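K.L.:
Sequence first, then the predicted structure, then my questions.
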Amino acid sequence: MGIFSRRRKPAVDIDGLGVSLVALRLDAGDCAPVGSTVVVFNAGGHARRAPAGKVACEQGETVLCFHPGPYTVHLAPFASAPEWGLRLRFVVDAANPRVTQQRFDLYLYSEMVERLELETLRVAAQAALQMELAQGALDLPPCTTMDEWHAFRAGLNQLMYTRFGVTVDDCVPVDLGDQVDYAEVLKARAAIEAEVAAPAEASASPPRVEGAATTSEPGAGPTPTSSAQAPRTAATAGLAVQEGTAASSEPAALAALTAEQAPRTTTAAMPTAQQDAFALRRLFIELPSLASELRTLVLPDGLQIFQQHQALLLRLGMAALNVNTMPALAWAAPDQPLAPEEQASRTVQTQLAVQALDEAWALLARFQRADHAQWPALLEDADRICANLETGLAFRRAPYAPRAEPSL
Amino acid sequence: MTTLSAATVPTNAECRSILPDGRVLTITASRRPRANRAHVKCTIAGAPAIAEKMQEVVRLARHTEVRLDSRDQVVLSMDIAPGAADRDWELAAVLADRMVRGLFQPKHKGHQYAQGWSDAWQLGRVHGTVGDGAAGTQHITHLGALSGHADPSAGVSTVRAWFPLHSGGINDSLAWVEVSVFAIESAPDGQAVTSEEDTIAAPGLDLSAQQEVRQTLAGARHFDAKGLGRWRSVVRFSQPRFQGGSYQLALVMADRLARGREFVPRGRIIATGCSSAWHAGRVDTVEGRQPKLELILMQATAGDRILLPKAWEPELPPGFAAELRQRGASVACIERIGMI
């Protein structure tokens, strides 16, 4: 019954729920506060929602509770324009009775670690938005006209619903000048530049000879990279390692890259093995849902599009199978542990696949809003994303081959 | 949707570079299905060390791209091998790699020339020039500068905007204006800074043009609530001798972008327009509509944002906006700067 054990348990910390905290995990016997909604996941990952109150669950079930909001966040759509942003107000809507799985429940189940702070959600939403804008899937040009703004809003609403399961209530352009001072940012960068330039000048004059790339590059070692950076993603960071013949200076640059982009993700603080497991779990849970959402789209007429759509679903299914049968991270062969740096490079490949998964959700949002004339272009993009997903998984799975010196 | 369709992307691209001894080096890039091979392959007859270096340069430079596509393999080759000490071909290799994937389109007809090297390709920094070999070379310090963007890791924010310069038919060209801003060191309340116009320098212009530039920027910053008293600015033009005030809108937009207070276009910003009331953010019409529109239509490439005065809207030629949209550019006729 657990009657006596309940009393000894400390009350769960629900401060800020509905303000700075979106969701948190509860245990049996905890009390969900008034106004929040309880989601219970059974051992198979199926969710059911329950009203707030004392949590009662069975063995093997996971209980979360979330507050529907509304929440207000500020997003900067462009990294290079930090003083110009959007104020977004969103809510978590009531369950949609027409779907078997609520997207927000799926988001919580697959991406939440114990607690979902509003800041975490904001950073994730901002990253998704910046990615879409940089790739040209959404357009928010300078001096936006009314028509362009409406198109952007519609795309943003769909993106936020499809990717995170939240409903955008209100979105207005705002001046973030009170929160971010770009002049200070530039000053900080200049200070870092001066710091880096001093030792570099002492060591060598800039255009110097590098025979077989044995020396490390001065720009790569001491990172002049702490502040906002060129648009770069976990995906592109993966490129360097996946080709076996990396020159000696590349891993250094890569380490700098991954260290610097780390704060963007929720999993930054985890050790490599956990990051890999988290990413694979996301792929395992989300790929079937993504495929089933894609399957329910209404296709335009025409055999060719039908075939491409079928091929896309098949490839996603094969990718899910690939994830389900993924070999362990830590072993090169039975009884042979894998070196930590090899594990790290395998993990980078998993991140690459997760990046493709994120892009695929954004693509699904575009599919849902597209008219029939846009389908060929979107299917082309789907082909690219599938290829990235498969490449990441293939390199994650690739058997360990010790590096051999080239011989003549 | 503005992503490039496969039809517009070439399968081969060339970029040239001039070696120190005067020979012209041609870097050829071609694209083919990757088929489980490396993303980048480099071959140079008789110089494997340079090929390895080229592969490293190209792969590092790819870190600055947002769109990852693992379907294609790019094969790069050089027709003659440069000396081991020479590094000026690096930018040409990076540009050839981008041209063959449609990420960079030359702004002019004819051969593309590029000289440049970098120690930090993964940050997109570069010391180099890009152009058609003769006139019209453009000096860049950052890969994003090819479309006028600011270097995201530099302490000085430099943004470029383009405006059509009408000089009688055949000589029409897109000229650029570049605004560099950096933070004022001292506190703005001190007596060191007397007025906004004193912090704006425009070297190379004659006095009346300098005065006009200063008044324009000061007015536009007055319109922007947080523009005044924070920045020291330098304005440069691609060519300092011109008449008229149609560069003003481009200047103001470049300034807003440089100060991080405007949404960023994916490509270049091409603007024409002037105003008698920048402090109110108003945009007035300018002359030479017909030739300027023709020039813009000819020069616009994917991702460009074109801003025109509101008065031109009813007189745009039919199909102008559609043609631009098909190329991936977008156009807006505005009567005020800022949002909506």
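P.N.:
The structure has been received and is ready for your questions. This is a predicted model, so every value here is computed, not measured. Numbers count the residues shown, from 1 in each chain, chains lettered A, B, ... in the order given.
K.L.:
Span of stretch B:161-171 from start to end?
P.N.:
19 Å (C-alpha to C-alpha, to the nearest Å).
K.L.:
in that stretch, what's buried?
P.N.:
B:A161, B:W162, B:F163, B:P164, B:L165, B:H166 (16 or more other C-beta atoms under 10 Å in any protein chain shown). Quick note: C-beta positions are derived from backbone N, CA and C, even for glycine.
K.L.:
how about those residues in TSV, adding secondary structure, pLDDT and distance to chain A?
P.N.:
Formatted as TSV, these follow (DSSP: H, G, I helix; E, B strand; the rest coil; pLDDT from 0 to 100; distance: C-beta to the nearest C-beta, whole Å):
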residue	secondary structure	pLDDT	distance to chain A
B:A161	strand	93	10
B:W162	strand	92	13
B:F163	strand	91	14
B:P164	strand	90	17
B:L165	strand	87	21
B:H166	coil	82	22
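K.L.:
so which of the residues you listed comes closest to B:E197?
P.N.:
B:A161 (20.5 Å; C-beta to C-beta).
K.L.:
you'd agree that closest one is up against B:L257?
P.N.:
Yes: using C-beta atoms under 8 Å, B:A161 makes contact with B:L257 at a distance of 7.5 Å.
K.L.:
what sits in contact with each of those two?
P.N.:
B:I269 (C-beta atoms under 8 Å, 6 or more residues apart in numbering or on different chains).
K.L.:
Where do the domain boundaries of chain A fall?
P.N.:
Following automatic domain parsing, chain A resolves into domains at A:3-15+A:23-66, A:71-175, A:264-397.
K.L.:
what distance separates the start and the end of the second one?
P.N.:
Using C-alpha to C-alpha, the gap from the first to the last residue of domain A:71-175 comes to 19 Å.
K.L.:
roughly how far out does that domain sit from the chain middle?
P.N.:
13 Å (C-alpha atoms, centre = their mean, to the nearest Å).
K.L.:
one step back: report the two of the buried residues of stretch B:161-171 separated the most.
P.N.:
Checking the buried residues of stretch B:161-171 with C-beta to C-beta, the most distant pair is B:A161 and B:H166, at 16.9 Å.
K.L.:
Keeping just the C-alphas, turn the longest helix along chain B into CSV.
P.N.:
Using DSSP state H, we find that the single longest helix of chain B is helix B:207-223. Output of helix B:207-223 as CSV, limited to C-alpha atoms (Å, rounded to 0.1, in the frame of the first residue of the first chain):
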residue,chain,number,x,y,z
LEU,B,207,33.1,67.3,-47.5
SER,B,208,29.5,67.8,-48.5
ALA,B,209,29.0,64.1,-49.1
GLN,B,210,30.6,63.4,-45.7
GLN,B,211,28.2,65.8,-44.1
GLU,B,212,25.3,64.1,-45.8
VAL,B,213,26.4,60.7,-44.7
ARG,B,214,26.7,61.9,-41.1
GLN,B,215,23.3,63.6,-41.1
THR,B,216,21.7,60.5,-42.6
LEU,B,217,23.1,58.1,-40.0
ALA,B,218,22.5,60.4,-37.1
GLY,B,219,18.9,60.9,-38.2
ALA,B,220,18.3,57.2,-38.6
ARG,B,221,19.9,56.4,-35.3
HIS,B,222,17.7,59.0,-33.7
PHE,B,223,14.7,57.1,-35.1
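K.L.:
can you state the direction angle for whatever helix or strand comes next after it and helix B:207-223?
P.N.:
The element immediately downstream of helix B:207-223 (helix or strand, assigned by DSSP states H and E) is strand B:231-237. Orientation note: strand B:231-237 sits at an angle of 130 degrees relative to helix B:207-223 (axes from the mean of the first three to the mean of the last three C-alpha atoms, to 10 degrees).
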